[in-house]
Each structure stands twice: as structure tokens, then as C-alpha cells.
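Asker: What follows is a protein structure lacking sequence information:
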């Protein structure tokens, strides 16, 4: 995950011809997992104006250290400008190019986070991709620079001779989701998102690769327009209300254009990636539970919008990806409370512990939680390895490589002088799995990555 400028900016102190950035560092760490797929999550922020979910965007900003020369100075969300957009595009070009040099296919899933530190959830944000706020639109500060960076990095990779093609594909592919875990905007403004797909394809170009366009959604609560203006407590009752969709509507949310939504998913997208954080039963879980997220997503699409996701996926018209996957081990929405048991870990995989690694708040220091974490990944690899055990064909799975989810130790602060969230046993098993797949498929794995982190991916 690239949270701010400090993650993608090229270090001004880099030696000539030897650029360094935290993004590059994460690519190199991700490559150790042996995958041929890498999922980038560039993250910008929105600033609210005190309004409701559909009218609450005052502008966009990017995170930077308050004192750019001091990484311990905290973060400030600064307004965008043309020079910063240019720097962002250039830095992402460098990082994308290096990922391809390492033999990985690019997946991109942008996020918007709350820039006010109120902790509002992006899933309910009703942004319109080309609406300008304080001079810039989401298209201006996120999508256009990414498209340009993909174009330039593909050209560099082609010139360098290190473009690769995944098994079963005639040409190299790039997977470009227009947003990630931002469901309500797709539900309410499907036509607007469909309208920019041809322009993004043209902007990247198809000289060197096929550009696969997609969207990133949550596994449930696809029309949750309340989450921008409220947060959720940690009680079981609150969680059950969340799962059931209680209090999901904002009063001024525009109507859903069901026809535009169906057209988008069935005719204009190549893939959809979901945040696969549906609950599990805990220790002793069955392999079939890894499809919980797919079934919850598919059922909501079918029952609420009349869209047959299973049919689209089974026919090959739409690729389903698990764009975020893993266990966080948290016990609260705020990210500061540790889950007390494997049952709590399994109930809310999307809860974790935020911030740099600290052994005092490590949820995996509990022997029972650690044992369940390792059971979870052992079973995930077994599930991925068997293509015949799935109702939904999940094409790629990407571990959320940040904070207490980061079992691969990809994000820099996942490791400190006090220890690491990286689990050597899990990381070793993932690398072994991916390398076996590489060997079996003649040099291409079905692995993946997230937050610029690398992981196992779905078996075919």
C-alpha cells in the first residue's frame, strides 16, 4: 500500500543511476515470495466539507510528512498541484517498471482514504470520478497519472525485453481497477465509470499489453452510503447489524441505475476484485469457507441488482479476484484492540492492529491466535492448489500486506527493531507454493501481491 508521498517519492539522496524509494523497496520485498503477480494500492485522500455521503467531498489531498525531512514528524494532507501530479506519475512509472523487471504482471487497485483522521470508510463515498473539487477531480489526481505511468512503464519494459505473459495468455496483460473497496460510487454512478473506461484504455494504449479494466468492491454492503458519516463500534450486535446492512442509506443518495450497473459488470468490465473479509468459523475451519466472500458478494449482486456474477465468472466473461485477503487479528474498528481468541480473529478478518510493529500489541503473540493464523494460510494454499474444489473460480488472491495482516513483511513499518509481523513459516510456505507453480507452468506462477506485496493466488 502506498499511503502517501513518503511511500512513492524517489529519495532525493539517491545516487545517480541508483534510484531508491519505499515503493521500490516493497517491490523487492514482494519478489521474495516468488509470485508473478503484484497488486499496487496507491492511496490518496479526500477532505470533507461537513456534508453527507454524496456531497461531502471538499477536495483531494496527498499525505506527506509534516516536515518532509523528518519521518517522525507525523503526516499532513496537502493539496494537489501540477508539479506533484507530475512527480507522482514519474515515481509510479519507475516502480511499475521495476516490478515488471522482477517478472511480475501489474495489478493496480487505487484507494481513497479519509484525510480528516475521522476514520470514515471509503466504501460509502459517493464520488463522481470527473467532478472537480478545489480544482481537481479523482480522474485528474489518480486515474490519469496511473494510466500514463502504465503506458510509459510498459514501453520501458518492452524496450528492455522483460515483458512477460501469464500462462494461457497470448499477450502481456495489465489489470487496472479504477478504484478499490469503494462500492457505493459504482452502484450509484455506474454510467460515469463506464464512460471513462475507453479513455483510460486509449491513454494506456495497447501497443505492448492488453489492458484489463475492472472495479474494486467490498464483499458485502455494496450500497452502504452511511459509512462515510459514521463509524462502527466493536460489539457483536454492532457487527451483526453491519453484516445485515442496517442503517445503510444516506438520505440524499442518488437513485441506482440498475441497467447501467448491469451493463458495466456484464459488458464493459474485464474483472472485479473484492475485499475478501467474510467471516470464518475459526480453528478447524473447512476449505470451503474461503468462498464465503465470493458467495456473499454474488448473492447480494443477484438478489439486490439482478446480476448473475456466478454465471459471468463461470462463462469467462468476468474475472473474479480476491484483491484483499488475510487475517488482521484485531478486536475493534479503531485498530488498537487485539482479538482475544481465534474465534474473534475469524469473525472479523477486516479488524487489525494499525501502526508500526509493536510486540505489546501483536495479536499473533498469543499462541492460539498464531496457531490459527498458520492453519488459515496452510488451508488457503491447499484450497488454491485444487482447481476442482470451487464454485466460484477465483483468478487471483492478494494478501493485504500492511500492519498486522502483513505476514510477508512487505510494508516497511511491519518490521521494526522490536520485531516483525512477518511470519517465516507462512512466508516460506507461500514462496514454496509459488515456486512450484512457476516450475509447473514453465515460468509463470499463479501468485499475487497486495499493497505492493506478494502472495499466493488462486489455482486455476
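Answerer: Here it is on my side, so go on. All figures in this text were calculated on a predicted structure; none of them were measured in a lab.
Asker: Look up which helix or strand residue 76 falls in, please.
Answerer: strand 70-79 (DSSP states H and E).
Asker: Which positions within that strand qualify as buried?
Answerer: Buried residues in strand 70-79, defined by neighbour count with 16 or more other C-beta atoms under 10 Å: 75, 77, 78. Placement of C-beta: from N, CA and C, glycine included.
Asker: and after that strand, which helix or strand comes next?
Answerer: Using DSSP H and E, the helix or strand that follows strand 70-79 in sequence is helix 82-101.
Asker: packing partners for that following helix?
Answerer: Counting by 3 or more C-beta pairs under 8 Å, 6 or more residues apart in numbering; DSSP states H and E, the packing neighbours recorded for helix 82-101 are helix 5-8, helix 22-31, strand 37-40, strand 105-108, helix 144-160.
Asker: Can you tell me which of those is most buried?
Answerer: Counting by mean count of other C-beta atoms under 10 Å, strand 37-40 has the highest mean neighbour count of the helices and strands packed on helix 82-101, with a mean of 31.
Asker: From the contact counts, what lies against that one?
Answerer: Using 3+ C-beta pairs under 8 Å, 6+ apart as the contact definition, the elements that strand 37-40 packs against are helix 82-101, strand 105-108, strand 394-399, strand 447-450, strand 453-456.
Asker: got the contact list for the following helix or strand past it?
Answerer: Following strand 37-40 in sequence order, the next helix or strand is strand 43-48 (DSSP H and E). Residues outside strand 43-48 that contact it (C-beta atoms under 8 Å, 6 or more residues apart in numbering): 1-4, 56-63, 77, 110-116, 118, 120, 125, 127, 141-142, 228.
Asker: Need the contact partners of the very next helix or strand once past strand 43-48.
Answerer: For strand 43-48, the following helix or strand on the C-terminal side (DSSP H and E) is strand 57-67. Applying C-beta under 8 Å, 6+ apart, the contact partners of strand 57-67 are 3-6, 44-49, 71, 73-80, 84, 88, 112, 115, 125, 127, 131, 133-136, 138, 141.
Asker: How about the contacts made by the residue lying closest to residue 420 once chain neighbours are set aside?
Answerer: Distances taken as C-beta to C-beta, 6 or more residues apart in numbering put residue 409 closest to residue 420, at 5.3 Å, once the chain neighbours are dropped. Residue 409 sits next to 29, 415, 420, 421, 422, 427 when contact means C-beta under 8 Å, 6+ apart.
Asker: how does it look with 7 Å?
Answerer: By C-beta atoms under 7 Å, 6 or more residues apart in numbering, the contact set of residue 409 is 29, 415, 420, 421, 422.
Asker: my guess is the third one meets residue 359, correct?
Answerer: Think residue 420. No - contact between residue 420 and residue 359 fails when scored by C-beta atoms under 7 Å: they sit 9.8 Å apart.
Asker: more crowded one of these two?
Answerer: residue 420 (16 against 11; other C-beta atoms under 10 Å).
Asker: any idea how far that one lies from residue 122?
Answerer: 28 Å (C-beta to C-beta, to the nearest Å).
Asker: Identify the residues contacting the strand holding residue 76?
Answerer: Applying C-beta under 7 Å, 6+ apart, the contact partners of strand 70-79 are 4, 6, 45, 47, 59, 61-67, 115, 134.
Asker: Would you mind listing which of those residues are buried?
Answerer: Among the contacts of strand 70-79, those scoring as buried are 4, 6, 45, 47, 59, 61, 62, 63, 64, 65, 115 (criterion: 16+ other C-beta under 10 Å).
Asker: how about those residues in TSV, adding pLDDT and distance to residue 181?
Answerer: Converted to TSV, those look like this (pLDDT from 0 to 100; distance: C-beta to C-beta, whole Å):
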residue	pLDDT	distance to residue 181
4	97	18
6	97	22
45	96	14
47	92	19
59	94	21
61	97	19
62	98	19
63	97	18
64	96	23
65	94	25
115	92	16
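Asker: Let me know the closest of those residues to residue 177.
Answerer: Closest approach between those and residue 177, by C-beta to C-beta: residue 45, at 18.2 Å.
Asker: residue contacts, the closest residue to the closest one other than its chain neighbours?
Answerer: Spatial nearest neighbour of residue 45, chain neighbours left out: residue 115 (3.2 Å); criterion: C-beta to C-beta, 6+ apart. Applying C-beta under 7 Å, 6+ apart, one finds that residue 115 lies in contact with 45, 46, 47, 61, 77.
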